[in-house]
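Enquirer: Provide a 3D model corresponding to the input given below.
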Amino acid sequence: MPSQNSDVRALLIVLILLWIFFSPDSSDPASLTPPEIAHAREARFQGALDVLNTTRWGDFAPDAPSSTSPRPPSETDGPAGEIGKGNGDKHEQGPQFLNITGFSQLDGKGYAWEDLGRFRNRCREWSRNAFPSAATVGPLDDDSWEPSMVSGTWKNATGTLHGTWVRRPGTVVRQAAEYNLSAIAPGATWPSSLGEWGRNITGDHGKIELRIDEDEGDGVYEEKVEGKTSRGANLAREIQAVATIQDDASEASSWSLLLHGVHWPRQGAILLTTSSEKFDGIFGLPHLAPGPNFFHTGQHLLNETLGKIIQARKKSKYGFPGNPWGSRMEDDDSFPAQCEYVMYLQLQPLELSRQYESPQLLESYIEELERELRHPTGAPIGRIPDLRASMVAWSPDCSFFLESKGPPEFPSVDGEHLVGMKEAMFTYTAKEWLIAFAAVMLGQIWLFKEQMKLSNTPSTTGRVSFWTIGAMLFADGMIFVTACAWSLNATITLLPCLLVTFAAFISMFIEGAFLSEVWKIQEPERRIREREREQAAAAAAAAAAANRNASSSSAASTTPPPTTQPEPPTTQPAPPPPPSQPRQPIIVPSDGDIDEAEQLNNLLSGASALPLPATARQPGLPAPTNEPRPPTPFSTITGRFVLAGLFLLFISAVATSWPSHIRSFYVNTLSFLYLSLWTPQIIRNAQRNSRQAFSWRFMIGQSLLRLLPFAYFFLREDNVLLADPDPFAFLVLVAWVWIQLWVICAQSILGPRFGVPKGWVREAWDYHPVLRDDDLEGVSLPIGLARTGTGLSSSSSSSSPTEERVRGRAWSVVSLGGPAAAAETGEGSAAAAAAAAATDSAGGTRNREREKEKEREKQKGVTMRSVDCAICRELLEVPVFNNNKGSGGSSDSAASGITGVFARKAYMVTPCRHIFHTNCLEGWMKYRLQCPICREELPPL
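Expert: Purely as a prediction, here's the structure:
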């Protein structure tokens, strides 16, 4: 037997392995980056920054038509290279490119820059759709609408957005095989055959989720001329976002990418781009802006922020181990090259219930609202408007557009572009949901404690299904593990998450304690089932051995015996047989126990021909092992639950990479299996022929509380997980729970085996049998009813002692009070005789009426009989069905009808043929499984 320290060592080894595999990698990736690659990357970034500092609006015009006319100077082109506004991009001397990776002119086919003008026009269209008053200021390609825009949008876009998109093809078609990546990015190493690029969209529609993070710290630039605002887009702020895009037509799951860019708060415009080894999008971002004012402020902002990062990396000993503005969320080498994206977001005006007279008051209210969200003081701010934005994304290398679905091109029922909430509101909503979920868990705990008070005896606990409680325990255990994992990373939602963790732990502890009690009480049932399985296996093995012996004996009988030569006769006669010893009688004790010495003595004395008792073993053979198997400890069951939970966590983690429809099917299947928790109880009721192991308050309350989280995620669109609502799936789950409760209700009223074929379950004692008048002796009737006759007796026979007392009450009054009263008044004998005559007449009338009633009942095929209940000492009337058919029809139809079923629920008959009220015996059997009269063991309900 291993020592106890071995378990401790094994646990320590498991903990060390878990720490090794799941601890974050603190090593710097620069230690794996060759120095020459880091220096080449540093030189490339510094060169791209220099190009960004020296270029002006219009220097990047890849879609400009070829022309020999020189570019005229702009109105505000100063000595410092200040850009002006106007139409400088219309008079360029042919297409112009930049010396930035991805923006340079290449031999052969380059990126699909032919759609740059289309992208800018779509950005302006989305902005003017958001602000219709700015659409009348100038033409579509003019930038003069920027100062006239009255924003009324959130100044800080930090939050979460989600919606649907549609794909539109580009003007030109680009394939991955057409690109020469060695010429585009000569500093990088590319494989000979790239195959398909990653992040490529082929479907017509899908979903997108954006998590925007905007820091109001150092990454801000505001342009002023002589202390006054000079342009509309005069304020720019650094911003980044994580986009999770899902293609409904693709078999792959959703994928995420990181974008960096600029936010112009006063216009509500956001321009984001990806960056990689083949596309330095962050350095060319200002040239992709929809207008020169956006370019100017964006250029100044990026010159400052990008320059600081480059200088900080130069001072670091590691340099540039990777791209600080890379778009990869994780190290994914499945696609060496991926599609690049440029994304434009236009924040929508706030939907406020109050109208403000001037734009200044509106802007002041929005600033106070954002200040209260960031630093709460308890000020009444009312309803917080949603965060809304329209989106257009363009892939310059894969040549396609993604546009959010919404007005004016799509009706509101198809989509409202991208809708979400601010980060502060998202956090507040998450806190509310966690607190509400903890309240739901505490409600489940209260219901469970109340049920444990009712199921506090072996009889009531034996009715409970182990797997019903096990399903609740398993679900709450998974909630506990999830809450613990969330608490490790939670900051703002730490306290509500700890509350959920505590509630889940208490629920898991109480359910585990009750489940262990159920396991212990139901241990004899499992032993009986194991013994039956062993006996069935032994019988099958014996039958197989008998078949083999029969086949071998038949084969031996068909084989002819060997021929032998007869022996010569001997001259000496055979010796006479020895005299037989007299057989000694065998005295078997009353317990049938005969020891081995006595068996050997009997064998030697010639008594071996007598059969040995069944409990005796053959001499010389080892004693049979009749010791019962030790019960399975509950710790083994606990280990199985833990392994099942780990397996489910592993499958759920893998399911995050599955396609959306398969992942949705997986979630719905798990939800269906979880909410099937009453099905094992229904099966156990039918197997044990028992009813209602739980109270209705517990079953209905648990069903409602466990359905509430599903209602939140399946019906509400702005849930904390941003899961897609599915009302149909929720209705299916509710209907399934409702059906299970109705089946339990039917089992409680009509019987646990009502509608179940007899061959599906083993025989069990029916406490509500159909009582029939089989014979005059009443052998099949309960003892109390058999003693009263069969209903064919004379009028003098009483049905029960209680009924006899009721019937004789008038006789007692006459016999005791009548003569005394007559003696006092002088009319003793005459009054007594008159009273006796009246009583005889009344008794005769009642007897005649009773006989008529019995005749009518016999014609219906049923006779009502009365007996005393030994528990409550009250009268119990029982219908007894006749075997013969009367004029009114068959008694079988009356017994099997709904009326007969409800009539049988009023009484219970024990195997020892005693009858009681149903409520009386059920209350008694909650504490004892013995007959109240004869103390015989009773089968459980």
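Enquirer: which parts of stretch 693-710 are buried?
Expert: 693, 694, 698, 699, 701, 702, 703, 705, 706, 707, 709, 710 (16 or more other Cβ atoms under 10 Å). Where C-beta positions appear, they are placed from N, C-alpha and C, glycine not excepted.
Enquirer: and after the helix or strand harbouring residue 473, which helix or strand comes next?
Expert: Using DSSP states H and E, residue 473 falls within helix 466-489. As assigned by DSSP H and E, the chain's next helix or strand after helix 466-489 is helix 494-521.
Enquirer: tell me the first helix or strand C-terminal of that following helix.
Expert: helix 523-558.
Enquirer: just the ones of the buried residues of stretch 693-710 in helices?
Expert: Under the assignment DSSP state H, those contribute 698, 699, 701, 702, 703, 705, 706, 707, 709, 710 to helices.
Enquirer: a markdown table please, covering those and showing pLDDT and distance to residue 646.
Expert: Formatted as a markdown table, these follow (pLDDT from 0 to 100; distance: Cβ to Cβ, whole Å):
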| residue | pLDDT | distance to residue 646 |
| --- | --- | --- |
| 698 | 96 | 30 |
| 699 | 96 | 30 |
| 701 | 96 | 30 |
| 702 | 96 | 26 |
| 703 | 96 | 28 |
| 705 | 96 | 26 |
| 706 | 96 | 23 |
| 707 | 96 | 27 |
| 709 | 95 | 22 |
| 710 | 95 | 24 |
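Enquirer: any idea which of these is closest to residue 327?
Expert: Nearest to residue 327 among those is residue 709, at 35.0 Å by Cβ to Cβ.
Enquirer: find the nearest non-adjacent residue to the closest one, please.
Expert: residue 437 (6.5 Å; Cβ to Cβ, 6 or more residues apart in numbering).
Enquirer: re the thing from before, list the contacts of the helix holding residue 473.
Expert: Contacts with helix 466-489, where a contact means Cβ atoms under 8 Å, 6 or more residues apart in numbering, come from 441, 444, 493-494, 497-498, 500-501, 504-505, 507-508, 511-512, 514-515, 518-519, 522, 641, 644-645, 648-649, 674, 676-678, 680-681, 684, 702, 706.
Enquirer: in it, what's buried?
Expert: Buried residues in helix 466-489 (16+ other Cβ under 10 Å): 466-483, 486-487.
Enquirer: one more: stretch 667-684?
Expert: For stretch 667-684, by 16+ other Cβ under 10 Å, it's 667-668, 670-671, 674-682, 684.
Enquirer: quick check: of those residues, which lies closest to residue 727?
Expert: Within the buried residues of stretch 667-684, the smallest distance to residue 727 is 12.6 Å, found for residue 668 (Cβ to Cβ).
Enquirer: that closest one: which element?
Expert: helix 660-674.
Enquirer: phi, psi of residue 234?
Expert: Main-chain torsions, residue 234, degrees, to the nearest 10: phi -90, psi -10.
Enquirer: now do residue 164
Expert: phi -120, psi 160.
Enquirer: quick check: residue 433 touching residue 718?
Expert: No - counting by Cβ atoms under 8 Å, residue 433 stays clear of residue 718, with 10.8 Å between them.
Enquirer: what residues does stretch 257-264 touch?
Expert: 157, 199, 214, 233, 235-243, 245, 269-275, 282, 285-286, 294, 297-298, 301-302, 325-329, 338, 341, 343.
Enquirer: filter those residues to the buried ones?
Expert: Here, 16+ other Cβ under 10 Å leaves 157, 199, 214, 233, 235-243, 245, 269-275, 282, 285-286, 294, 297-298, 301-302, 325, 327-328, 338, 341, 343 buried among these.
Enquirer: out of the residues you listed, which sit inside helices?
Expert: Secondary structure of the buried ones among the contacts of stretch 257-264 is defined by DSSP H; positions in helices are 294, 297, 298, 301, 302.
Enquirer: circling back to that earlier point, when residue 433 and residue 718 are compared, which one has more neighbours?
Expert: Neighbours per residue (other Cβ atoms under 10 Å) separate residue 433 from residue 718, with residue 433 holding more: 20 against 15.
Enquirer: do a quick rundown of the helices in the stretch 301-450 of the chain.
Expert: 359-374, 423-454 (DSSP state H, counting those that start in this stretch).
Enquirer: who wins for proximity to residue 254 among those?
Expert: Closest among the helices of the stretch 301-450 of the chain, using Cβ to Cβ: helix 423-454, at 19.5 Å.
Enquirer: list the buried ones in that closest one?
Expert: Buried residues in helix 423-454 (16+ other Cβ under 10 Å): 423-428, 430-431, 433-434, 437-438, 440-445, 447-448, 451-452.
Enquirer: cool, and stretch 921-938?
Expert: Residues of stretch 921-938 classed as buried: 921, 922, 924, 925, 926, 929, 931, 932, 933, 938 (neighbour count, 16+ other Cβ under 10 Å).
Enquirer: how about the closest residue to residue 727 other than its chain neighbours, what does it touch?
Expert: Excluding the flanking residues, the one nearest residue 727 by Cβ to Cβ, 6+ apart is residue 715, at 6.0 Å. Each residue near residue 715 by Cβ under 8 Å, 6+ apart is listed here: 725, 727, 730.
Enquirer: try 10 Å this time
Expert: Taking Cβ atoms under 10 Å, 6 or more residues apart in numbering, we find residue 715 in contact with 725, 726, 727, 730, 731.
Enquirer: so where is the stretch 551-700 of the chain shaky, pLDDT-wise?
Expert: By pLDDT under 70, the weakly predicted segments of the stretch 551-700 of the chain are 554-629.
Enquirer: tell me the strands beside the top strand by length along the chain, with direction?
Expert: Ordering each strand of the chain by length in residues (DSSP state E) puts strand 235-247 first. Here strand 235-247 is paired, per DSSP bridges, with strand 205-214 (antiparallel), strand 220-222 (antiparallel), strand 255-264 (antiparallel).
Enquirer: tell me the mean pLDDT over the last one?
Expert: Right, strand 255-264. Averaging pLDDT along strand 255-264 yields 93.
Enquirer: buried stuff in that strand?
Expert: Going by neighbour count (16+ other Cβ under 10 Å), the buried part of strand 255-264 is 255, 257, 258, 259, 260, 261, 262, 263, 264.
Enquirer: try the first one
Expert: Across strand 205-214, burial judged by 16+ other Cβ under 10 Å covers 206, 207, 208, 209, 210, 211, 212, 214.
Enquirer: so the second one touches residue 166, yeah?
Expert: The reference is to residue 207. No - Residue 207 is not in contact with residue 166 according to Cβ atoms under 10 Å; the separation is 11.3 Å.
Enquirer: let me know the pLDDT of residue 86.
Expert: Per the predicted model, pLDDT is 39 at residue 86.
Enquirer: can you check the pLDDT for the residue nearest to residue 709?
Expert: At residue 437, pLDDT is 96.
Enquirer: do residue 354 as well
Expert: pLDDT, residue 354: 72.
Enquirer: re the thing from before, how big is the angle separating the longest strand of the chain from helix 660-674?
Expert: For strand 235-247 against helix 660-674, the angle by axes from the mean of the first three to the mean of the last three Cα atoms, to 10 degrees is 70 degrees.
Enquirer: closest one of the buried residues of strand 205-214 to residue 176?
Expert: Nearest to residue 176 among the buried residues of strand 205-214, with distances taken as Cβ to Cβ, is residue 206, at 20.2 Å.
Enquirer: run through the bridge partners of the closest one.
Expert: Note on residue 206: beta-bridge partners residue 165, residue 247, judged by DSSP bridges.
Enquirer: give the contact list for it.
Expert: 164-167, 245-250, 254, 402, 660 are the contacts of residue 206 under Cβ under 10 Å, 6+ apart.
Enquirer: so which of those residues is the most crowded?
Expert: Neighbour-wise, the contacts of residue 206 (other Cβ under 10 Å) top out at residue 165, 26 neighbours.
Enquirer: what's the separation between that one and residue 683?
Expert: Using Cβ to Cβ, to the nearest Å, we find residue 165 at a distance of 48 Å from residue 683.
Enquirer: ends of stretch 350-359, how far apart?
Expert: Length of stretch 350-359, first residue to last, Cα to Cα, to the nearest Å: 13 Å.
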